[in-house]
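A.B. asks: from the sequence below, what's the structure:
(one chain, ligands or ions: 1)
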Amino acid sequence: MVQAEDPAAQRTKAQAQVVSTWSGRAREQAVQRMFTAIAGVYDLNNTLLSFGLHHRWKQTAVSFVAPVEGGLALDVGAGTADLAILVAPRMGPHGRVIASDLNRAMLAEGIKKVAHKGLTGKIVCLQASAERLGFADDTFDAVTTGFCMRNVGNLPLAIAEIRRILKPGGRFVCLEFSRPVYGWLRTLYDWYSFTLLPWIGTTVAHDSTGVYEYLPASIRTFPDQERLCQLLREAGFQQVEYQNLTGGIVAVHVAQK
Ligand SMILES: C[S@@+](CC[C@H](N)C(=O)[O-])C[C@H]1O[C@@H](n2cnc3c(N)ncnc32)[C@H](O)[C@@H]1O
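C.D. replies: Residues are numbered from 1 along each chain as shown. As a prediction, this is how the structure comes out:
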């Protein structure tokens, strides 16, 4: 028997979709509540809902990080630290990676994973907002971010902040959901993300935060491939390029300071 959903849960989910249209502090706080609620199951759900593809997407993104012996890299919105762990070998045996995230619960999962991989001395996890990174100008050889930029309250501010703390010549590698390039794929993807994904979120993951309603809505309100290139250029980045992955469901943007 199909049970009717509790009206309070319905309201939360409807509101979660609306969050994707908000900006500033209100968006930041709403997004953070969702990540706090799902931190413990984030990795498992990520693997299930992307059919394991997120591992390949992350490996491809990291291949755009130029190796720097003894370098210093920053992963913004690091969450459970997957990208930071992949970036670490590219900074050489004496290099370091800072994994920053606004969310303590996500970072706590990241710290456990980093320790499990024996990388505690190499990767430092710390709490920081993408919009207020708090590092000196020209500090990092490379900055990466995976599936974070879509969530920030003020995207142009976060991009400007990332450019500020990069060394001249340093690269910003941004992995994010984008716009599928084929019409048939967009149709399939719309069905998956607006119908199947929220259903899985409710029935399998027992989600009551609305994160699986927020996810597709936030993807649709995030700039597409070309618009993100434009925002990066407007912020002063050069040699801005992107590569579509899985037909443009995801894109990696690479930009140089
Ligand atoms: C979808 S998760 C991605 C985590 C990880 N990068 C990955 O690829 O699996 C998005 C992460 O961005 C973080 N985040 C969202 N808004 C942020 C902000 N304004 N500043 C820093 N981190 C933020 C969230 O807390 C969350 O951990």
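A.B. asks: can you list the residues of this structure near the ligand?
C.D. replies: With Cβ under 6 Å from any ligand atom as the criterion, the chain comes near the ligand at residues 28, 31, 35, 77-80, 82-83, 101-103, 106, 129-131, 146-148, 151-152. Backbone N, C-alpha and C define where each C-beta goes, glycine included.
A.B. asks: doesn't residue 38 make contact with residue 45?
C.D. replies: Yes - with contact defined as Cβ atoms under 8 Å, residue 45 reaches residue 38; the gap is 6.8 Å.
A.B. asks: residue in the stretch 51-200 of the chain nearest to the ligand?
C.D. replies: residue 79 (2.5 Å; Cβ to the nearest ligand atom).
A.B. asks: on that earlier part again, which of the residues of the chain next to the ligand are buried?
C.D. replies: For these, a burial check counting by 16 or more other Cβ atoms under 10 Å picks out 28, 31, 35, 77-80, 82-83, 101-103, 106, 129-131, 146-148, 151-152.
A.B. asks: hang on, the earlier thing: which residues does the residue of the stretch 51-200 of the chain closest to the ligand contact?
C.D. replies: Applying Cβ atoms under 8 Å, 6 or more residues apart in numbering to residue 79 gives the contacts 35, 42, 101, 103, 106, 107, 109, 110, 146, 147, 148.
A.B. asks: now, these that are in helices?
C.D. replies: Counted as lying in helices by DSSP state H, out of these, are 35, 42, 106, 107, 109, 110.
A.B. asks: including pLDDT, could those go into TSV?
C.D. replies: Formatted as TSV, the ones in helices among the contacts of residue 79 follow (pLDDT from 0 to 100):
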residue	pLDDT
35	89
42	89
106	96
107	97
109	97
110	97
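A.B. asks: how about the helices of the stretch 151-257 of the chain, start to end?
C.D. replies: 155-165, 183-191, 197-203, 211-221, 225-234 (DSSP state H, counting those that start in this stretch).
A.B. asks: weakest of the ones you listed by average pLDDT?
C.D. replies: Among these, helix 197-203 has the lowest mean pLDDT, at a mean of 79.
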